[in-house]
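Student: Requesting a structural model of the entry that follows:
(2 chains)
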Amino acid sequence: MIKSRIFIYFTLAEVLILSAMVVYGQTVRFARGVDEVRQKRELVGRLGLTDFSIWTEARYTRHPSQADFFSPFQDNPAALDHFPAGSVIAPPFDLAGKRP
Amino acid sequence: MIHHLKIIEYAISSLLRRKYKSLAIVVAFAVTVAALASVLLLSNALRIEAAAVLQAAPDLIVQRTLAGRHELIPVTYAETIRDIRGVGGATPRYWGYYYDALTEANYTLMGTGGEAGLLALLEGRLPADNTECAVGAGVADLRGSADSGELILVNSRNMGVLYDVSGIFTAESSLLTNDLIVLTDTAVQDFFGFPPGLATDIALTVRNSNEVQTVAAKIKKIFPETRPITRQELIRTYDMAFNWRSGMMLTVFCAAIIAFCIMAWDKATGISAEEKQEIGVLKAVGWDTSDVLVLKFWEGMVIALTAFLLGIIIGFVHVFLFDAFILAAVIKGWSVLFPNFDLTPQLNLFHLFIMGFLTIVPYVACTVFPSWKTAITDPETAMRG
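Tutor: Residues are numbered from 1 along each chain as shown, chains lettered A, B, ... in the order given. This next block holds a predicted model:
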């Protein structure tokens, strides 16, 4: 039963790699954890940062939390969002009125 | 146990007889899972990062809106707001955007808010006077500020302004500072030509976090044209942007599910004449229907489990060891400056279980079900195809 053993060993190897990744993740989180998060919080706190600088193409994608309600349609009512990053961010939580 | 091992042995032999087809399915399955895993891991890590880091953001930010748009806010509002019970401090913030025609990139210019000195994630120090600036790693790379130690920007009066670079934010902070240029408050006011007495918005500290909503309601009552944004709302924005219903997740998720459905549908709509003959022969030589079903279960399981685990490993390596370079190209959009995702690895067992349930179970079911239909027919009919 060589083939079935190879399959079992291969699957075990994959599970081991996956477990190693979980352990690696925990180790990195532990190593960075306290220090890096504290340093980033210091940065955010002292400069008053509110958003990630992921999408810099438009103001409402650079600062999604600060954008006014109509920013994606900024040029005129019903103007379609023409920035690709606009499609990455979810629409309002609930069109009935609840929104972050 | 031995019975199952023997069936697995036979199942693998059977798959190896159709090795190219089996390999193609494993590759397609693994790529689908890897795409799903990459998006899930990246968005989950960004969500966790946002929740951890933005805890230090201002308790409340007060914007002024005019005709539904963000407008500059009078600094005098801060004085009135400071008198509200529970408000610890109200600081006007000066910031804005700058389009650099030279590099075709957008930068965020921000005032220090009176902060000066050193920061752990800043090589150098914050600007001490109006001739200095601190820049993000992305800006420094794009403009070569690390070598020259200088940065020239064109102000609102179309005049070139030369700043000495007093500090460069480290690459670890790129997610927050990549496009940032930090100046003193007066330098920002002068650069953009802010009218006197106006600021971009006002950042508040509230003594008791339970009172943030009450303070926000009071501000809204005193200044109806303002829009208070709480810290919880900032965090919720990122929670929403990176949850599974976000555009990014939904797009990749739908594409992956459609690809997977096509594969599963191909399986479920019937098995090949060769496979039917194989089942007929097995039945003719004495296999039970249950044995045939166990065989087909293991055939499906060998492919699905191998490909699923491979896909998850590829997704993890792609996101956390290679900074999601393929996905980054997709979500980058038109951003000229795009940060490196130096994210803390997170592998959520719940997500693993969900992905496994959504991919392995349907695939195995699609393998077993058509075989069951063949296995319960007469072996002779099955052998004739």
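
Student: Next one: residue B:294 relative to residue B:87, how far apart?
Tutor: As judged by Cβ to Cβ, to the nearest Å, residue B:294 and residue B:87 stand 69 Å apart. In short, each C-beta sits where N, CA and C put it, glycine included.

Student: how long is stretch B:184-203 end to end?
Tutor: 16 Å (Cα to Cα, to the nearest Å).

Student: Only C-alpha atoms, please: export stretch B:171-179 in CSV.
Tutor: Included here for stretch B:171-179 are C-alpha records, laid out as CSV according to Å, rounded to 0.1, in the frame of the first residue of the first chain:
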residue,chain,number,x,y,z
ALA,B,171,8.9,51.0,6.4
GLU,B,172,7.0,49.2,9.3
SER,B,173,4.7,52.1,9.6
SER,B,174,4.0,52.4,5.8
LEU,B,175,0.4,51.3,6.2
LEU,B,176,-0.2,54.5,8.2
THR,B,177,2.4,56.9,6.8
ASN,B,178,3.3,55.9,3.3
ASP,B,179,2.0,59.1,1.6
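
Student: The longest strand seen in chain B: partners in the sheet, and parallel or antiparallel?
Tutor: Longest strand in chain B, counting residues (DSSP state E): strand B:160-169. According to DSSP bridges, strand B:160-169 forms sheet pairs with strand B:122-124 (antiparallel), strand B:132-135 (parallel), strand B:150-154 (antiparallel).

Student: if you average pLDDT over the last one, what comes out?
Tutor: The reference is to strand B:150-154. For strand B:150-154, the mean pLDDT works out to 93.

Student: next one: that strand to chain centre, how far?
Tutor: 32 Å (Cα atoms, centre = their mean, to the nearest Å).

Student: Likewise for stretch B:335-348?
Tutor: 8 Å.

Student: Also stretch B:258-267?
Tutor: Using Cα atoms, centre = their mean, the offset of stretch B:258-267 from its chain centre is 27 Å.

Student: Check stretch B:372-385 too.
Tutor: For stretch B:372-385, the distance from its own C-alpha centre to the chain's C-alpha centre is 49 Å (Cα atoms, centre = their mean).

Student: now do stretch B:176-191
Tutor: 27 Å.

Student: So which bits of it are buried?
Tutor: Of all the residues in stretch B:176-191, those buried under the rule 16 or more other Cβ atoms under 10 Å in any protein chain shown are B:176-185, B:187-191.

Student: where along chain A do the helices fall?
Tutor: A:2-47, A:59-62 (DSSP state H).

Student: can you state the direction angle for the first one and strand B:160-169?
Tutor: Same thing as helix A:2-47. With axes from the mean of the first three to the mean of the last three Cα atoms, to 10 degrees applied, the angle from helix A:2-47 to strand B:160-169 works out at 130 degrees.

Student: coming back round to it: so which of the buried residues of stretch B:176-191 are in helices?
Tutor: B:176-177, B:185, B:187-191.

Student: restrict those to those near chain A?
Tutor: B:176-177 (Cβ under 8 Å from any Cβ of the partner chain).

Student: Spit out the contact partners of residue B:334.
Tutor: Shown in contact with residue B:334 (Cβ atoms under 8 Å, 6 or more residues apart in numbering or on different chains): A:57, A:83-85.

Student: again, only using 10 Å
Tutor: Contacts of residue B:334 were listed using Cβ atoms under 10 Å, 6 or more residues apart in numbering or on different chains, and they are A:55-58, A:61, A:82-85, B:104, B:106.

Student: what's the answer for residue B:135, then?
Tutor: B:107, B:122, B:124, B:141-143, B:145-146, B:151, B:163, B:165-169, B:177-183.

Student: Residue B:177 now?
Tutor: Residue B:177 touches A:40, A:43-44, A:47, A:49, A:52-53, B:108, B:110, B:119, B:121-122, B:134-139, B:168-171, B:339, counting by Cβ under 10 Å, 6+ apart.

Student: about what we covered before: can you list the buried residues in the longest strand of chain B?
Tutor: Residues of strand B:160-169 classed as buried: B:161, B:163, B:165-169 (neighbour count, 16+ other Cβ under 10 Å).

Student: Using CSV, list the CA coordinates for it.
Tutor: What follows is strand B:160-169, C-alpha atoms only, in CSV (Å, rounded to 0.1, in the frame of the first residue of the first chain):
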residue,chain,number,x,y,z
GLY,B,160,8.1,76.3,-4.8
VAL,B,161,8.8,75.7,-1.1
LEU,B,162,11.9,73.9,0.1
TYR,B,163,11.7,71.8,3.2
ASP,B,164,14.5,70.1,5.1
VAL,B,165,13.6,66.5,5.8
SER,B,166,14.0,66.1,9.6
GLY,B,167,12.7,62.5,9.7
ILE,B,168,11.5,59.6,7.6
PHE,B,169,8.9,57.2,8.9
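
Student: between that strand and helix B:185-192, how many degrees?
Tutor: Going by the same axes, to 10 degrees, strand B:160-169 makes 140 degrees with helix B:185-192.

Student: Kindly provide the distance from the most centrally placed residue in chain B to chain A.
Tutor: The centroid of chain B falls nearest to residue B:43 when counting by Cα atoms, centre = their mean (2.9 Å). Using Cβ to the nearest Cβ, to the nearest Å, one obtains 10 Å as the distance from residue B:43 to chain A.

Student: Residue B:175 too?
Tutor: Counting by Cβ to the nearest Cβ, the gap from residue B:175 to chain A is 5 Å.

Student: what's near enough to touch residue 40?
Tutor: You didn't say which chain, so I picked chain A. A:32, A:49, B:49, B:52-56, B:120-121, B:172-173, B:175-177.

Student: look at chain B instead
Tutor: B:242, B:244, B:249, B:252-253, B:312, B:315, B:319, B:348, B:351-352, B:354-355.

Student: and what of residue B:337?
Tutor: A:53-57, A:62, B:100, B:103, B:105-108, B:136-139, B:141-142, B:174, B:178-180.

Student: Quick one, which of those residues are buried?
Tutor: Those of the contacts of residue B:337 that meet the buried threshold are A:53-57, A:62, B:100, B:105-108, B:136-139, B:142, B:174, B:178-180, by 16+ other Cβ under 10 Å.

Student: Pass me the low-pLDDT residue ranges in the chain, would you?
Tutor: This is for chain A. Within chain A, the stretches with pLDDT under 70 are A:1, A:33, A:69-82, A:86-100.

Student: that's the wrong chain, I meant chain B
Tutor: Low-confidence segments of chain B (pLDDT under 70): B:244-249, B:267-270, B:382-385.

Student: Let me see the domain layout of it.
Tutor: Here the domain assignment for chain B is B:2-53+B:240-383, B:59-231, based on automatic domain parsing.

Student: Out of these, the one nearest residue A:18 is which?
Tutor: Closest of the domains of chain B to residue A:18 is domain B:2-53+B:240-383, at 6.3 Å (criterion: Cβ to Cβ).

Student: Quickly list what the nearest residue to residue B:94 once chain neighbours are set aside is bridged to.
Tutor: Closest residue to residue B:94 apart from its sequence neighbours, by Cβ to Cβ, 6 or more residues apart in numbering or on different chains: residue B:111 at 3.7 Å. Beta-bridge partners recorded for residue B:111 (DSSP bridges): residue B:183.

Student: Can I get stretch B:364-375 in CSV, CA atoms only?
Tutor: Extracted C-alpha coordinates of stretch B:364-375, given in CSV (Å, rounded to 0.1, in the frame of the first residue of the first chain):
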residue,chain,number,x,y,z
VAL,B,364,-16.8,15.2,-2.4
ALA,B,365,-20.6,15.2,-2.6
CYS,B,366,-20.4,16.0,-6.4
THR,B,367,-18.0,13.0,-6.8
VAL,B,368,-20.1,10.5,-4.8
PHE,B,369,-23.6,11.4,-6.0
PRO,B,370,-23.3,10.5,-9.7
SER,B,371,-21.3,7.4,-8.8
TRP,B,372,-24.2,6.3,-6.6
LYS,B,373,-26.6,6.6,-9.5
THR,B,374,-24.3,4.3,-11.6
ALA,B,375,-23.6,2.0,-8.7
